[in-house]
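Novice: Turn this into a structure:
(one chain, ligands or ions: 1)
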Amino acid sequence: MLNNREIFKIPYSHYSIDNWEEKKSIILSQLEDKFTDYGDYESPPYERVVSECIRNELMDFSSYLDFPLVIMNMWYERSKQSYRHPVHNHGGAGFSAVMYVEFNPEVHQPTVFYCPYGNPFTGSLMTYQPDVKEGDIVFFPSSFSHEACPNESDEVRTIVSFNMFDTQLLFAKKRELFGDQADQVVKKIADRVNFIPTPKYDK
Ligand SMILES: [Fe+2]
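Specialist: Down below sits the predicted model:
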């Protein structure tokens, strides 16, 4: 009996956004000149325009997963020389994305993704660096650890990142997002992700 199998797979998608030059100038015109606005907004002013620019990619990734995706929070990072974002992940936020808004492959490093398990022979961490160019966007599980290497050039590197479908936020905003259908939609999603509700304790 054959019994060889892979027991885990990592969903991952990489797109090149069409009409990029036009979209780039619209997006850049809405970003401030600081490292990041992470945590500044519940919903930043550029979220709508970014969502419209990547509508096709979002829909395609959603159909690949066969799962509804809702953007829950968005931020940007503008890395000047030596700026970096050390290894981290976005927790149980569903799926995440990095859009390369200002990126020169000649001088900038793409995001480094870290395999959740080590090399079977050496135990060393295995990494994946997508071959990205400006106007590309990658989607990955929010719990997938990744790193933005130090920018070694004096050219600014700008990314927009966002999380889709944070369970806690989704449940907190269910009426706003799904109106009268909220309870049905949330139940369907909870069943699908094997969500375990917080236990209720008697006082
Ligand atoms: Fe990140």
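Novice: what element comes up after the helix or strand bottoming out on mean pLDDT in the chain heading to the C-terminus?
Specialist: Within the chain, no helix or strand scores below helix 167-172, which has a mean of 78 by mean pLDDT, DSSP states H and E. Going down the chain from helix 167-172, the next helix or strand is helix 174-178, by DSSP states H and E.
Novice: For that following helix, list every residue counted as buried.
Specialist: The neighbour-count check on helix 174-178 (16 or more other CB atoms under 10 Å) flags K174, L177, F178 as buried. Backbone N, C-alpha and C define where each C-beta goes, glycine included.
Novice: what's in contact with that helix?
Specialist: By CB atoms under 8 Å, 6 or more residues apart in numbering, the list of residues contacting helix 174-178 from outside reads V70, L170, A182, D183, V185, V186.
Novice: Of these, grab the buried ones for ChimeraX.
Specialist: To isolate the buried ones among these in ChimeraX, judged by 16+ other CB under 10 Å, type:
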select :70,170,182,185,186
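Novice: Flag the least confident of the contacts of helix 174-178.
Specialist: Of all those, L170 carries the smallest pLDDT score, 79.
Novice: where's that one relative to C53, distance?
Specialist: Look at L170 and C53: by CB to CB, to the nearest Å, they are 23 Å apart.
Novice: quick revisit: could you single out the nearest of the buried residues of helix 174-178 to D40?
Specialist: The nearest member of these to D40, counting by CB to CB, is L177 at 21.5 Å.
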